[in-house]
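Peer 1: Give me a model of this one.
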Amino acid sequence: MFTKTSQVVIQHQQHPTTIASPQVRFLCYLRWSRRRAGGTLLGDLFRAASCQMRNVSAIEREVARTAQFRSPETLGSAELAADAKLHARGVRAQSAREARHGFLQDVVKSIVIWTLCCLLQCSLVWALAHFSVSLQLPKWMSGSGWLLLGSCPVLGAERLLQRSAAGVKLRGISGDGPMKEVPSRCFPAIILLPALPGAPWFGPRRVRLLLALMAGMLLTALDRCLSPFAAVIGGCLETLLLLLRAGFASIWICDWRLQELWRKKT
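Peer 2: Numbering: from 1, shown residues only. Down below sits the predicted model:
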């Protein structure tokens, strides 16, 4: 037994329940209505409706996904993370800025300290020359004074630079080289000042001893052979050379510290 509806042949014996199902009847009716309407209007309406439903479903899924990503909990955690990153970046920038300002202040303090010490040295030189002439001091006494004024600045230059170039450090033990320890003695807590970058700036210890001895002997020879005024000029020139060397060392150490800070930042 065969039944023909809207040019669709359905074999009732092979599919006895298909012809009686309402879905098949509805589809047959739709196809028959499309044939009757010319096959364009109703099909276009159905295609437009299906496209619109798909678009609506896509929009709903996108809205649901956006709502999930922009939920209050997620948005709050993201804002907190961003604020924490900005705060940490600001703290690092502020600490680096303060460190740079501290390095520059250390340079200024070091140069001021060295300038004052050099002025004191020049004042002592002029005072010795004045008293040796006015009081007519004996040669051995004035020679001892010139020897001390010529050798002591060279001997103490490295220690003074270590206490002033990287910040004013009044406490602690300065100097270069290892400390001599005696096993049989117990030492109290000793604070050693850290070595400066590029140290020693005034030469090793033996070289400083030799230079100090030469400077003292030169000032003594100028006082004996020429005049106290010549010794004053020699002492002032020695002080000026030490000041220039200390200023260059302070600026170089500041630049080195700034470069190390930049390397740590990057």
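
Peer 1: tell me the strands in this protein, going along the chain?
Peer 2: For the chain, the strands defined by DSSP state E occupy 2-5, 8-11.

Peer 1: what's the longest helix in the protein?
Peer 2: Ranked by residue count, the top helix of the chain under DSSP state H comes out as helix 72-134.

Peer 1: Against T115, how distant is the residue lying closest to F229 once chain neighbours are set aside?
Peer 2: Nearest non-adjacent residue to F229, counting by C-beta to C-beta, 6 or more residues apart in numbering: A129, 6.6 Å away. C-beta: built from backbone N, CA, C; applies to glycine. Distance from A129 to T115, counting by C-beta to C-beta, to the nearest Å: 21 Å.

Peer 1: Low-confidence stretches in the stretch 101-250 of the chain?
Peer 2: Counting by pLDDT under 70, the stretch 101-250 of the chain contains low-confidence ranges at 175-191.

Peer 1: If we use 80, what do you get?
Peer 2: Residues of the stretch 101-250 of the chain meeting the criterion pLDDT under 80: 171-193.

Peer 1: in it, which spans are helices?
Peer 2: 139-164, 205-225, 228-265 (DSSP state H, counting those that start in this stretch).

Peer 1: Quick one: neighbours of L160, just the number.
Peer 2: If you count neighbours by other C-beta atoms under 10 Å, L160 ends up with 18.

Peer 1: For A249, see how far away it is.
Peer 2: 11 Å.

Peer 1: tell me, how many neighbours does the residue nearest to F229 end up with?
Peer 2: 23.

Peer 1: distance of it from A231?
Peer 2: Taken as C-beta to C-beta, the span from A129 to A231 is 7 Å.

Peer 1: Which residues are in contact with the residue nearest to F229?
Peer 2: By C-beta atoms under 8 Å, 6 or more residues apart in numbering, A129 lies in contact with P228, F229, A231, V232.

Peer 1: Report the separation between it and Q94.
Peer 2: 53 Å.
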